[in-house]
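Chemist: mind folding the following:
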Amino acid sequence: MQKPVKWRRTKPKQKAWAVYTLSALQVKIRPTTVTEGQSVTLTCTTSTCSLSSPSYIWYKNSLPVSTKLTPGNNTLFFSAVHIADAGRYVCAVEGHEDHLSRAVTLSVRYAPRNTSISVTPPGGDILEGSSVTLTCGSDANPLVHNYTWYRRTGDETLQIGSGQNYSFARIHSKCSGHYYCLAKNDVGSDQSLSLLVDVKYAPRNITALPSPSVTIMEGASVTLTCNSDANPPVHNYTWYKKYSSTESSLIVSGQKYSISHARPVHRGWYYCKAENKVGATASTTLHVHVHKPPLWGSIGALLAPILILMAGTVAVCLSVCWRNTETIAAEDDSMTHSEKEDSGPIYCNISAMPTAPGNASGADAGDGDDVQYATVRFTHSTTQDGTPQGCASEDDVEYATVNFSVLTTTDARSEEESVIYSNQQNAYK
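Modeler: Alright, predicted model coming up:
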């Protein structure tokens, strides 16, 4: 037990010493267990003190406290305690600061906070096949008693383990994803931000297409393509031609290699190589066969344009001839129809005048006079409206006048006019 402290103080106008006794000081906390946000009170008391109303001073972590004090300063009151208020507290009677109470610790409980993930080894890329450890750290009071690990890939989230550490002995590219942890204690829980674990690896599954071989004819074209799976992506592709198991030569750089006009020299084995910053990998080989085209194929290729031209010419000629044939046939049909309608003969009776003077008086024509017959064929023209000219009616009569000059004897020449009438039956019905 702490021994009582004795001291002397002289009163004014007195030479005698006055002696006061102060018992041990102590600090009490109510409640003894406090959670962040709750209220708490710290009280400084002494069992005996000869001073009627002593004044107290407080120290937190050896530094004076000037706030949260009540009248008389014997009490510290926190209406909503914060973790910043946690610490070691002592009190003393003012004027006797060298005599302090025993220190008490104000512990403020709070849920985990500032939860985060760290990676070992730190920094740099995570390479496939390497050893990796993820550690979940958190600030909490009381300490975290449960850690849970999760991995999120796309829209899927899986719980993958528990414990403060999560380790990969030989990490695989399939382990890539977003990781986060959940820390819990008696007060609450807190989740970390997600950490992207991006596993890098050299190119793999290299394929040279078309695989495993391609056959082309001389003069044809072909394109070889190199594909791969890599992280980070491939930044350089190269194509090689292989001449033996130990000998090959670089042909071209690029993901594709095109042969625009194949020749026998292009025949052989080819492979490609893909490279990223992790490493480089070669594909399996593919064989390119170059064949000569058959003779009939070459001849056909030469004759094809000529045959096409000839076929086109024949088609044009046939089209023209067919059209001419249709036109001629139409004209023949038209003429045939017209001739049939206009072919009716028209007879004209012409009586010859008597040549002898004795007959000049108009003897009967039947007395041995010659009768002349004439057949006249008429072709009807049409007007603009398509109606044959002179087609007024079926009984129209056309008259024709023919003048004959008949020589008589030298003694008596007379010139007679004879009128010949011609009856024409209209041919159009």
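
Chemist: ranges for the helices of the chain?
Modeler: Taking DSSP state H as the criterion, the chain contains helices spanning 295-342.

Chemist: residues making contact with stretch 139-150?
Modeler: Stretch 139-150 is contacted by residues 83, 107-115, 134, 136, 138, 157-164, 166, 179-187, 190 when judged by CB atoms under 8 Å, 6 or more residues apart in numbering. Every C-beta, even on glycine, is put in place using the N, C-alpha and C of the backbone.

Chemist: list the buried residues in that stretch.
Modeler: For stretch 139-150, a neighbour-count test (16 or more other CB atoms under 10 Å) marks 139-141, 144, 147-150 as buried.

Chemist: can you name the two of these that sit furthest apart?
Modeler: The largest distance within the buried residues of stretch 139-150, taken as CB to CB, falls between 141 and 150 and amounts to 24.4 Å.

Chemist: residue 322: how many residues sit nearby?
Modeler: Residues near residue 322, counting by other CB atoms under 10 Å, number 10.

Chemist: nope, residue 185 is what I meant
Modeler: Neighbour count of residue 185, defined by other CB under 10 Å: 19.

Chemist: with residue 160 instead?
Modeler: 13.

Chemist: do the one 4 residues further on as well
Modeler: Residues contacting residue 164 under the criterion other CB under 10 Å number 15.

Chemist: just residue 89 next, same as before
Modeler: 21.

Chemist: over to the one 10 residues further on?
Modeler: Other residues near residue 99 number 14, with proximity taken as other CB under 10 Å.

Chemist: let's number from 77 now, not from 1
Modeler: Yep, numbering from 77; the last one is residue 175 now.

Chemist: that one reaches residue 167, doesn't it?
Modeler: No: the pair formed by residue 175 and residue 167 falls short of the contact definition of CB atoms under 8 Å, at 10.4 Å.

Chemist: intersection of neighbour lists for those two?
Modeler: Any residue near both residue 175 and residue 167 by CB under 8 Å, 6+ apart counts here, and that gives residue 101.

Chemist: pull the residues that contact the longest strand along the chain.
Modeler: Using DSSP state E, we find that the single longest strand of the chain is strand 184-196. Around strand 184-196, the neighbours that count as contacts under CB under 8 Å, 6+ apart are 109-112, 157-159, 161-162, 202, 208-218, 220, 255-269, 271, 273.

Chemist: which of those count as buried?
Modeler: Using 16+ other CB under 10 Å as the threshold, 110-112, 157, 161-162, 202, 208, 210-217, 220, 255-261, 265-266, 268, 271, 273 are the buried ones among the contacts of strand 184-196.

Chemist: which of these fall within strands?
Modeler: Helix and strand membership here follows DSSP E; of those, those in strands are 110-111, 202, 208, 210-217, 255-260, 265-266, 271, 273.

Chemist: list the contacts of residue 283.
Modeler: 302-304, 359-360.

Chemist: in ChimeraX, how would I select the buried members of those residues?
Modeler: Isolation of the buried members of these (16+ other CB under 10 Å) is achieved in ChimeraX through the command below:
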select :302,303,304,359
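
Chemist: what is the neighbour count of the nearest residue to residue 369 once chain neighbours are set aside?
Modeler: Nearest residue to residue 369, sequence neighbours excluded (CB to CB, 6 or more residues apart in numbering): residue 293, at 4.8 Å. The local packing of residue 293 (other CB under 10 Å) involves 13 other residues.

Chemist: so how far is residue 340 from residue 293?
Modeler: 11 Å (CB to CB, to the nearest Å).

Chemist: which neighbours do the two have in common?
Modeler: The contact sets of residue 293 and residue 340 overlap at residue 366 (CB under 8 Å, 6+ apart).

Chemist: quick revisit: who does the residue nearest to residue 369 bridge with?
Modeler: residue 367 (DSSP bridges).

Chemist: residue 139 now?
Modeler: When bridges are called by DSSP bridges, residue 139 pairs up with residue 136.

Chemist: residue 152 versus that one, what's the distance?
Modeler: Applying CB to CB, one obtains 13 Å for the distance of residue 139 from residue 152.

Chemist: low-confidence ranges in the stretch 77-226 of the chain?
Modeler: With pLDDT under 70 as the threshold, the stretch 77-226 of the chain has low-confidence stretches at 77-99, 124-128, 148.

Chemist: if you set the cut-off to 80 instead, what comes out?
Modeler: For the stretch 77-226 of the chain, the stretches flagged by pLDDT under 80 are 77-100, 122-130, 144-149.

Chemist: what about the stretch 277-426 of the chain, any weak spots by pLDDT?
Modeler: Looking along the stretch 277-426 of the chain with the criterion set at pLDDT under 80, you get 370-381, 395-426.

Chemist: could you pull up the contacting residues of the residue nearest to residue 272 when sequence neighbours are not counted?
Modeler: Setting aside the residues directly before and after it, residue 272 is nearest to residue 254 in space (CB to CB, 6+ apart), at 5.5 Å. Taking CB under 8 Å, 6+ apart, we find residue 254 in contact with 227-229, 270-273.

Chemist: can you do 6 Å?
Modeler: For residue 254, the contact set (CB atoms under 6 Å, 6 or more residues apart in numbering) comprises 228, 270, 272.

Chemist: ok, residue 256 next?
Modeler: Neighbour list for residue 256: 226, 268, 270 [criterion: CB under 6 Å, 6+ apart].

Chemist: between those residues, which is nearest residue 171?
Modeler: When the contacts of residue 256 are compared for distance to residue 171, the smallest value, 52.1 Å, is given by residue 268; criterion: CB to CB.
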